[in-house]
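Student: Got a predicted model here, sequence first, then my questions.
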Amino acid sequence: MLALLVVVAAGAGIGVGALLWAGGPETPVAERPPAYPSGYVRLTPEEYDRCVREVSVHFDGDAPDPVMRAAADRLRDDPRFESARPRTRQESYEEFRRVFADQPEVVALARPESLPATVILLVRRGGVGVRAQGDLRAEFPDAEVAVQKACPR
């Protein structure tokens with residue numbers, strides 16, 4: 001009987017100790033230790049696609065839109081990519097204005113002709129954009145190929 005009481009008391013002590021060590025149920029979420037090691041964050045599927053699987057191929061020059069459209073048509077059938085979304089120079093300018101809407105002084109300095117026409121590629125599931133970067137640079141030597149180096153929050 002005494003052995004049973006010792007086992008039950010030890011189990012209760014371990015359970016209470018584990019709750020206290022983990023922050024306990026009464027500790028607000030904001031005060032609990034992070035679930036991931038320092039420097040790591042959990043990404044939503046959309047953030048993962050944008051930060052890890054997306055590759056942008058920027059075309060500049062006097063008339064980049066036709067060159068970009070030809071590249072988008074070619075890359076649309078490429079088995080490495082799930083999608084190829086074209087964005088004209090004017091569409092790039094509209095996106096720039098949307099992103100920097102809270103900074104009118106920055107928007108005032110930009111012009112549509114200062115922004116590139118772009119093909120936004122999404123690498124197939126299981127792939128990462130950085131692996132496609134070298135091949136795309138070789139295929140489009142006059143374009144700038146960009147991938148995310150970090151996922152900003």
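Tutor: Looks like it arrived, so ask away.

Student: can you give me the helices for this protein?
Tutor: 2-21, 45-48, 64-76, 89-99, 104-109, 129-139 (DSSP state H).

Student: how many other residues sit next to Pro104?
Tutor: Neighbours of Pro104 under the rule other Cβ atoms under 10 Å: 10. Where you see a C-beta, it was placed from the backbone N, CA and C, and this is true even at glycine.

Student: which ones are touching it?
Tutor: By Cβ atoms under 8 Å, 6 or more residues apart in numbering, the contact list for Pro104 is empty.

Student: confidence score at it?
Tutor: Pro104 carries a pLDDT score of 94 in this model.

Student: Pull up the gap between it and Arg97, please.
Tutor: According to Cβ to Cβ, to the nearest Å, Pro104 and Arg97 sit 10 Å apart.

Student: Same check on Glu139?
Tutor: For Glu139, the distance to Arg97 equals 31 Å [Cβ to Cβ].

Student: Assess the claim that Asp49 and Leu122 are in contact.
Tutor: Yes - the pair Asp49 / Leu122 is scored as a contact, 6.2 Å apart, by Cβ atoms under 8 Å.

Student: By average pLDDT, which secondary structure element in the protein comes out worst?
Tutor: Sorted by mean pLDDT, DSSP states H and E, the helices and strands of the chain end with helix 2-21, the least confident at a mean of 53.
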